[in-house]
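S.K.: My questions are about this predicted structure, shown below with the sequence.
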Protein chains: 2
Amino acid sequence: MEALRVGLAGLGTVGAGVLDLLDRNGAVLAQRCGRRIDVTGICARSRTKNRAVDVSRFEWFDDPVRLAENPSIDVLVELIGGADGPARACVEAALDAGKHVVTANKALLAEHGTSLARRAEEKGLALNFEAAVAGGIPIVKTLRESLSGNQVKRVFGILNGTCNYILTRMQNEGQPFAQVLADAQRAGYAEADPTFDVDGHDTAHKLSILTSLAFGTEVSFDAVYMEGIRSITPADIDAAEELGYRIKLLGVALRTDGGIEQRVHPTMLPKNSAIAQVDGVLNCVAVDGDFAGEILLVGPGAGARPTASSVVSDLADIARGVVRPAFTVAARTMRPHIRAPIRAHEGGYYIRLSVYDRPGAFAAIANRMAEEGISLESIVQKRAAAGLPGSGRLSTVNGPTPVVMITHETTEAAIRQALESIEADGHVDEKPQMIRIEKL
Amino acid sequence: MEALRVGLAGLGTVGAGVLDLLDRNGAVLAQRCGRRIDVTGICARSRTKNRAVDVSRFEWFDDPVRLAENPSIDVLVELIGGADGPARACVEAALDAGKHVVTANKALLAEHGTSLARRAEEKGLALNFEAAVAGGIPIVKTLRESLSGNQVKRVFGILNGTCNYILTRMQNEGQPFAQVLADAQRAGYAEADPTFDVDGHDTAHKLSILTSLAFGTEVSFDAVYMEGIRSITPADIDAAEELGYRIKLLGVALRTDGGIEQRVHPTMLPKNSAIAQVDGVLNCVAVDGDFAGEILLVGPGAGARPTASSVVSDLADIARGVVRPAFTVAARTMRPHIRAPIRAHEGGYYIRLSVYDRPGAFAAIANRMAEEGISLESIVQKRAAAGLPGSGRLSTVNGPTPVVMITHETTEAAIRQALESIEADGHVDEKPQMIRIEKL
């Protein structure tokens, strides 16, 4: 059978990883696919840049759209990045020209996934994106194919390696966010401008893709509720540890009676759960299916080689002639996304308050919680060094008293109202900290 | 498009689970597959047995071979079980009659996988078996498809829920094996005759399937080295805890220069690893790919609903017209399995000895290890209550002294020789305990 001819747009680390993989493992890949997968044309910004891989053997294109349209390729692999610009232009050009598309571009899919899926479907083409979510973890295929027989209740995960690296180091070393971030930037684990990672945008992009795969709804990145990890302090890390939790930045998509919750925020997870052990730059995704039960996938969430592995698995499917709907169901049957408002979220909460040490302060706080019908599972109040072991950093000397509460299940609306009232009462000296607890 | 017509052979818990899934989720499944999946014929031992599902709506067959050959079906789902007998007969009949096959039968695949794959391939038919390994965990698809671009170095996992349940309870409760087994039998987590589970056969069946999927070699169940969990004592569980490990029954397939190691045995795993947190009846599988890195999948390893989820995902692929080689590569190109002998295994070892308390005993033991070139990473020797916290059960009063050693990497041949010499020297009062440490 003839080789599958690939046009590769974008020669950054992932593009170089794909070329490296095909060089090293091309023979075994061909055995598994029943045909070879050969890169024939490539495109990048600079033709003369010094690269680890020899690219002189490929036909060079300066314009990714020209590559996409070229009759010499069967598939376009888009590794340029960005929701619009040349990435979007060449993907659309490829589909219009009748070429399959493989992309690792989460921003593109988060912003334009539904319309691209429709375009691909009209022409009977594949739009594959295993590498767009969680790097080397095969979560797209798992949701698209392995869980076909399931109604998914929830899909959630640790989807950003930078945040997980920072939180893991904060956990292990007791350092504050800013210091760990600076270290991470020096070590190359965080960008010079970390906003996109630490404020949750990257996780939200990936989550919006998982949501559509799991629920067959239109991709709705704008409907993702988003909080990053900048507000997490060593006091929170310590209190979590003491109460039996770990803090992770999760993306969570949950089917509720009122619509689908899509939320990205720091989350308390039971310390002994497998997901709480997913540390450093690792990613993980968990899916609750009504028949499969809870399936957890863990692996490298980024990097040239894991991402190349996922890109190539997408190519392998195309080489085998397999074309499936991009988001699990036929694009023309994807339902509109109905957003469940974050205020309707139900769950337990971790609350940390810095309370002025005066008579009646704590009673006032307890009353405000009671007014909203919130009951407490546990309360930890400390002074100075009188804490439990390991709680040193939670304590203050001669200042306000830290009070940490874990609530039973309640609603976001109730918690927000209670915290607003507590703040207005003037018994706390800083904005209350609130971290959602995810039930496992 | 016309419905995919399924013949279901075997109506135990999994068969009933498949009917239940198709009843509940048939509509969404049809949307995902582009066509309906309908059971048309069924076959079981007793037609009159009281069942939770209504089976009167299906055509009844007394003989699974007749069902397999019947022109009214496109696919046979074999859920009878057993390596030979009616299960094998109906699978072979189905393939001969040009029907795709889906099976959850690990024994059948472990014993006859290669020849069945060849038979399916000659006719261009699917032989799918996601449910045969690790229940609801999509490990077959992951190895067959998602890791197509990888050379796999190792695949390993916790593949038997009964053993994991027993070890977890031994860990949590400090009870000996026999007592926990008896409890597990009463609770329905272990069979009346537990041999197949606790001695490692079930794990070995599944491992032999994973090996072929990962390495493209012929299925070689006979080449699996096998040890069960009967020999694990509370003293081992305690010593492991103290040294930072958990004990799990693993199946491990490892590519080495001398061939492929297939081994099933209790294994020490670092306590804080994600895999060590996989407790109770959960299963997990980890794969080391040269590009993907280490991917870990965790989920329910058995049960009607998770297993049905996997059976139906196999059907969904067939409904979509996807037919792939059963064991990743074309069956005619599967290579002979080359067995790496267990004596060539390299790794660290946990050794527990019960040493007579007399001058020179320990020196003699240390010399025997040194003679074989084995160096020790740590040694814990205890008397009575003088141990570290939590080590109570490791100690004995007035008897021989328990000595626990962790070795650096060595070979199985060296360890066995050293332990043989130590036993022959007469300084120990029982057969040395030896548990392999798996490097993560």
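M.R.: Received it, and whenever you're ready, just let me know what you need.
S.K.: for the record, mean pLDDT for stretch A:310-327?
M.R.: In this model, stretch A:310-327 has an average pLDDT of 98.
S.K.: what separates it from the chain centre, distance-wise?
M.R.: A distance of 22 Å separates the centroid of the chain from that of stretch A:310-327, by CA atoms, centre = their mean, to the nearest Å.
S.K.: same check, this time on stretch A:325-336
M.R.: 21 Å.
S.K.: same question, stretch A:10-28
M.R.: For stretch A:10-28, the distance to the chain centre is 24 Å (CA atoms, centre = their mean).
S.K.: any idea whether residue A:287 is helix, strand or coil?
M.R.: strand (DSSP: H, G, I helix; E, B strand; the rest coil).
S.K.: how about it, what does it touch?
M.R.: A:139, A:142, A:143, A:147, A:152, A:154, A:155, A:214, A:294, A:295 (CB atoms under 8 Å, 6 or more residues apart in numbering or on different chains). The C-beta positions use only the backbone N, C-alpha and C, and glycine is treated the same way.
S.K.: among the residues you listed, who's most crowded?
M.R.: Among the contacts of residue A:287, the one with the most neighbours (other CB atoms under 10 Å in any protein chain shown) is residue A:139, at 31 neighbours.
S.K.: Identify the residues contacting the closest residue to that one other than its chain neighbours.
M.R.: Nearest residue to residue A:139, sequence neighbours excluded (CB to CB, 6 or more residues apart in numbering or on different chains): residue A:285, at 4.5 Å. Shown in contact with residue A:285 (CB under 8 Å, 6+ apart): A:133, A:134, A:137, A:139, A:155, A:156, A:157, A:159, A:210, A:296, A:297.
S.K.: Closest to chain B out of those residues?
M.R.: In terms of CB to the nearest CB, no member of the contacts of residue A:285 lies closer to chain B than residue A:296, at 4.1 Å.
S.K.: Among the contacts of residue A:287, which lie within strands?
M.R.: Mapping those onto strands (DSSP state E) picks out A:152, A:154, A:155, A:294, A:295.
S.K.: okay, the second one: pLDDT?
M.R.: The model reports residue A:154 with a pLDDT of 98.
S.K.: Surely it and residue A:252 touch.
M.R.: Yes: if you go by CB atoms under 8 Å, residue A:154 and residue A:252 touch, sitting 6.8 Å apart.
S.K.: contacts for the lowest-mean-pLDDT helix or strand in chain A?
M.R.: Scoring the helices and strands of chain A by mean pLDDT, DSSP states H and E places strand A:376-381 at the bottom, with a mean of 91. The contact list for strand A:376-381 (CB under 8 Å, 6+ apart) reads A:239, A:242-243, A:348, A:355, A:362, A:366, A:369, A:388, A:401-408.
S.K.: Strand partners (parallel or antiparallel) of the very next helix or strand once past that strand?
M.R.: Next helix or strand after strand A:376-381 toward the C-terminus (DSSP states H and E): strand A:401-407. Strand A:401-407 has its sheet partners listed here by DSSP bridges as strand A:346-355 (antiparallel), strand A:376-381 (antiparallel).
S.K.: okay if I get these as JSON lines plus mean neighbour count?
M.R.: As requested, the strands paired with strand A:401-407 are exported to JSON lines (neighbours: other CB atoms under 10 Å in any protein chain shown):
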{"stretch": "strand A:346-355", "mean neighbour count": "20"}
{"stretch": "strand A:376-381", "mean neighbour count": "14"}
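S.K.: so what's residue A:258 up against?
M.R.: A:338, A:340, A:341, A:344.
S.K.: Repeat the analysis, applying 7 Å as the threshold.
M.R.: A:340, A:344 (CB atoms under 7 Å, 6 or more residues apart in numbering or on different chains).
S.K.: I'd assumed residue A:433 was in contact with residue A:349.
M.R.: No: Residue A:349 lies out of contact with residue A:433 (CB atoms under 7 Å); the separation is 10.2 Å.
S.K.: wait, what's in contact with residue A:250?
M.R.: Residues in contact with residue A:250 (CB under 7 Å, 6+ apart) are A:156, A:157, A:158, A:267, A:438.
S.K.: One more pass at 8 Å, please.
M.R.: Contacts were defined as CB under 8 Å, 6+ apart; by that measure residue A:250 touches A:156, A:157, A:158, A:203, A:264, A:265, A:266, A:267, A:269, A:438.
S.K.: what's the neighbour count on the first one?
M.R.: Here the count is done by other CB under 10 Å, and residue A:156 has 24 residues near it.
S.K.: That one - nearest residue in space that isn't next to it in sequence?
M.R.: That would be residue A:252: by CB to CB, 6+ apart, it lies 4.0 Å from residue A:156.
S.K.: any chance of the strands paired with strand A:401-407 in a markdown table, plus distance to residue B:230?
M.R.: Below are the strands paired with strand A:401-407 laid out as a markdown table (distance: least, CB to CB, whole Å):
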| stretch | distance to residue B:230 |
| --- | --- |
| strand A:346-355 | 42 |
| strand A:376-381 | 41 |
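S.K.: For residue B:315, find the nearest of those.
M.R.: Between residue B:315 and the strands paired with strand A:401-407, the shortest separation by CB to CB is 35.6 Å, and it involves strand A:346-355.
S.K.: next SSE after that closest one?
M.R.: By DSSP H and E, the next helix or strand past strand A:346-355 is helix A:361-371.
S.K.: circling back: list just the nearest of the contacts of residue A:250 to residue A:58.
M.R.: Of the contacts of residue A:250, the one sitting nearest to residue A:58 (CB to CB) turns out to be residue A:203, at 34.4 Å.
S.K.: Tell me if the strand or helix carrying that closest one is near chain B.
M.R.: Using DSSP H and E, residue A:203 sits in helix A:201-215. No: Helix A:201-215 does not reach chain B (CB under 8 Å from any CB of the partner chain); its nearest approach is 10.1 Å.
S.K.: Counting by contacts, list what that helix packs against.
M.R.: In terms of contacts (3 or more CB pairs under 8 Å, 6 or more residues apart in numbering or on different chains; DSSP states H and E), helix A:201-215 is packed against helix A:106-122, helix A:139-141, strand A:152-158, strand A:225-226, strand A:245-256, strand A:259-270.
S.K.: How far does the shortest one sit from its chain's centre?
M.R.: When C-alpha coordinates are averaged (CA atoms, centre = their mean), strand A:225-226 and its chain have centres 12 Å apart.
S.K.: For it, which strands pair with it and how are they oriented?
M.R.: strand A:259-270 (parallel).
S.K.: Can you name the residue of the stretch 201-350 of chain A nearest chain B?
M.R.: residue A:312 (3.4 Å).
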